[in-house]
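K.L.:
compute the structure for the input listed below.
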Amino acid sequence: MNMATGKAPPVIHWFRQDLRLADNPALEQAAMSGAVLPLYILDEAAAGASAMGAASRVWLHQSLQQLDASLGGGLHLLQGDACTQLLRLCQQHGIARVYWNRSYEPWRRQQDQQIEKALTACGVQVITANAQLLWEPWQTLKRDGTPYRVFTPFYRNACQIGVMPPRPAPALTLARCETPHPSLTDLALLPAHPWARDRLASWQPGEAGAQTRLEHFAVREIHDYRQGRDFPSHAKVSRLSPHLHFGELSPRQIWHRVQQEGDTADIEHFQRELAWREFSYALLYHFPTLPTKNLQPGFDTLGWQTHAHSLACWQRGQTGYPLVDAAMRELWTTGYMHNRMRMVAGSFLVKNLLLDWRLGAAWFWDCLFDADLANNSASWQWVAGCGADAAPFFRIFNPVLQGKKFDPDGRYTRRFVPELAHLPARYLFAPWTAPEHVLDKAGISLGDNYPLPIVDLQQSRERALMAFKVREQNRALPQS
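P.N.:
Residues are numbered from 1 along each chain as shown. Reported below is the predicted structural model:
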């Protein structure tokens, strides 16, 4: 046995989206079985189209670095086909048990089934647990056994199940494998360009950073969450989503920690948002084509536009609509976007530009630190009107009115669109309405140092509603 410690073969805990020690059920069970070899395998080929975007790779690098430190440098890294790597490791070192926490993405579920079958055939026992969700997707079905497609009854049903309390980190006896293996640098998760460092400036990846962020939110920010969360310049959102996605923090830890702050409308509202995440995971589990196909097939006939220039303007934050541009630049410069801004930017892409929601989902997937297949897919389908419990297609966010209502002093917009920093507030969200002398004084030349609007709001709204009307008419036609 080529292991540095332990007389008997160790067990493996395979880390995936559970990059933490506390409230990690599979790790806890592994620790009770003897010495544990902590393992992470970077298997990007298996993910296919769901492979991590650039921002996620940057976060993963930092998170693995922190996890390795918390394990005293004992995290064993491998790269390549996960099934092949696990089989080889078990056979080389006589390992008889492998533990992991369940994942719910379609490709991971398929991979898990294949790996469990292969390991079992070789006499290796597989033990799995739930570390990622408050409620398993099969726990939250309707009485007739079908999944919910509307959030409120889903939430009511789930709350009757309750939420298990989180568990502390287990006492671990670590096994170290002396077989040569890749280093974190060898995984090449970091890009060559320097924007990654800038993006991480306001974040602290890893379990310790996640706990610090949760405590700060619970003590200082949650008490005005219900109203404050709508204002992007206010520090009233949790910013826990990347920590949740990578499993540096469990939803159970979050649920019970905020509950300690009392029984208030703000806390209940935040817990509902956690439940929306659960709803998204249930949808992905029961409708595995959610990332690629309209949940409502009637939208398959909607006449999406194909306009590369409009898409590029949206991606770069150069649409001529300051609130949309601020949101898209926040995404690019910070790896994050405020939730209301996601709705505004998403609505603009799908309805004002009439571009396919999947184009927006792909851009978010590459740019967001919290890129999560369930949340990303369900949220984009919600904005587009084609998903479960979706916003009606005729609900089209007006970025001018949204700016005036939710960024009234312009602090958020001016931060990310500094070209408009000196424009008076009354013109900030519609600079094309400002008199020439006002623009000159603010140093703005529309079409030069800030773009003119790429579409007209009213005309594009009417075009979107017409496309929806045609879709409804086509759906009503008899099928040949």
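
K.L.:
hmm, Ala421 is touching Arg414, no?
P.N.:
Yes: counting by CB atoms under 8 Å, Ala421 does reach Arg414; the two are 4.8 Å apart. Any C-beta I mention is one placed from the backbone N, CA and C, and that applies to glycine too.

K.L.:
ok, Tyr281 to Leu187 distance?
P.N.:
Look at Tyr281 and Leu187: by CB to CB, to the nearest Å, they are 27 Å apart.

K.L.:
Pro418 too?
P.N.:
From Pro418 to Leu187 the distance is 36 Å (CB to CB).

K.L.:
which residues touch Phe468?
P.N.:
Phe468 makes contacts with Leu302, Gly385, Phe393, Phe394, as judged by CB atoms under 8 Å, 6 or more residues apart in numbering.

K.L.:
which element is it on?
P.N.:
Secondary-structure element containing Phe468, defined by DSSP states H and E: helix 457-476.

K.L.:
circling back: mind checking which of the contacts of Phe468 are buried?
P.N.:
The neighbour count (16 or more other CB atoms under 10 Å) marks Leu302, Gly385, Phe393 as buried among these.

K.L.:
between the residues you listed, which is closest to Asp198?
P.N.:
Gly385 (35.1 Å; CB to CB).

K.L.:
which residues touch that closest one?
P.N.:
Gln296, Phe299, Val350, Ala391, Pro392, Phe393, Arg395, Phe468.

K.L.:
one more: Gly346?
P.N.:
When contacts are counted by CB under 8 Å, 6+ apart, Gly346 touches Trp357, Gly360, Ser379, Trp380, Val383, Ala384.

K.L.:
after the helix or strand encompassing it, next one along is what?
P.N.:
Using DSSP H and E, Gly346 sits within helix 339-347. Later in the chain than helix 339-347, the nearest helix or strand by DSSP H and E is helix 357-367.

K.L.:
just checking, what packs against the following helix or strand past that following helix?
P.N.:
The element immediately downstream of helix 357-367 (helix or strand, assigned by DSSP H and E) is helix 373-384. Using 3 or more CB pairs under 8 Å, 6 or more residues apart in numbering; DSSP states H and E, the elements in contact with helix 373-384 are helix 265-286, helix 339-347, helix 357-367.

K.L.:
ok so, going back, which of the buried ones among the contacts of Phe468 scores worst on pLDDT?
P.N.:
Among the buried ones among the contacts of Phe468, Phe393 has the lowest pLDDT, at 77.

K.L.:
wait, a helix at it?
P.N.:
No: when DSSP: H, G, I helix; E, B strand; the rest coil is applied, Phe393 is found to be coil, with no helix at that position.

K.L.:
which residues touch it?
P.N.:
Per CB under 8 Å, 6+ apart, neighbours of Phe393: Lys351, Ala384, Gly385, Ala464, Leu465, Phe468.

K.L.:
switch to 7 Å and redo it
P.N.:
Neighbour list for Phe393: Gly385, Phe468 [criterion: CB atoms under 7 Å, 6 or more residues apart in numbering].

K.L.:
burial measure for Asp263, as a count.
P.N.:
Close neighbours of Asp263, defined as other CB atoms under 10 Å, add up to 7.

K.L.:
state the three-state secondary structure for it.
P.N.:
Reduced to three states by three-state DSSP, Asp263 is coil.

K.L.:
oh, and call the first residue 243 from now on, that's how I've got it
P.N.:
Taking 243 as the first residue, the last one we looked at is Asp505.

K.L.:
ends of stretch 624-641, what's the gap?
P.N.:
Terminal residues of stretch 624-641 lie 18 Å apart, using CA to CA, to the nearest Å.

K.L.:
how far away from the center of its chain is it?
P.N.:
19 Å (CA atoms, centre = their mean, to the nearest Å).

K.L.:
if you count neighbours, what's buried in it?
P.N.:
624-633, 635, 638-641.

K.L.:
so where's the longest strand in this structure?
P.N.:
If you go by DSSP state E, the chain has its longest strand at strand 278-284.

K.L.:
can you list contacts of it?
P.N.:
With contact meaning CB under 7 Å, 6+ apart, strand 278-284 is reached by 252-257, 272, 306, 313, 316-321, 324, 327, 414-417, 419, 429.

K.L.:
pLDDT on it, on average?
P.N.:
98.

K.L.:
helix or strand right after it?
P.N.:
helix 286-289.

K.L.:
and that following helix, how far from the chain's centre?
P.N.:
18 Å.

K.L.:
lowest average confidence, helix or strand, in this structure?
P.N.:
Taking mean pLDDT, DSSP states H and E as the measure, helix 437-441 is the helix or strand of the chain with the lowest mean score, a mean of 75.

K.L.:
for the helix or strand just after it, C-alpha coordinates in CSV please.
P.N.:
Counting by DSSP H and E, the next helix or strand C-terminal to helix 437-441 is helix 449-458. Output of helix 449-458 as CSV, limited to C-alpha atoms (Å, rounded to 0.1, in the frame of the first residue of the first chain):
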residue,chain,number,x,y,z
GLU,A,449,-15.2,27.9,3.6
ALA,A,450,-13.8,30.5,6.0
GLY,A,451,-14.7,33.3,3.6
ALA,A,452,-18.2,31.9,3.2
GLN,A,453,-18.8,31.8,6.9
THR,A,454,-17.5,35.3,7.3
ARG,A,455,-19.8,36.5,4.6
LEU,A,456,-22.8,34.7,6.1
GLU,A,457,-22.2,36.1,9.6
HIS,A,458,-21.8,39.7,8.2
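
K.L.:
so where's the stretch 243-392 of the chain shaky on pLDDT?
P.N.:
Along the stretch 243-392 of the chain, segments meeting pLDDT under 70 span 243-249.

K.L.:
the helices in it, which residues?
P.N.:
All helices of the stretch 243-392 of the chain, identified by DSSP state H, counting those that start in this stretch, fall at 267-273, 286-289, 296-312, 324-335, 348-363.

K.L.:
was I right to think Leu615 contacts Thr534?
P.N.:
No: using CB atoms under 7 Å as the test, Leu615 is too far from Thr534 to be in contact (10.7 Å).

K.L.:
before we move on, the earlier item: hey, which of the helices and strands packed on helix 615-626 is tucked in deepest?
P.N.:
helix 581-589 (a mean of 22; mean count of other CB atoms under 10 Å).
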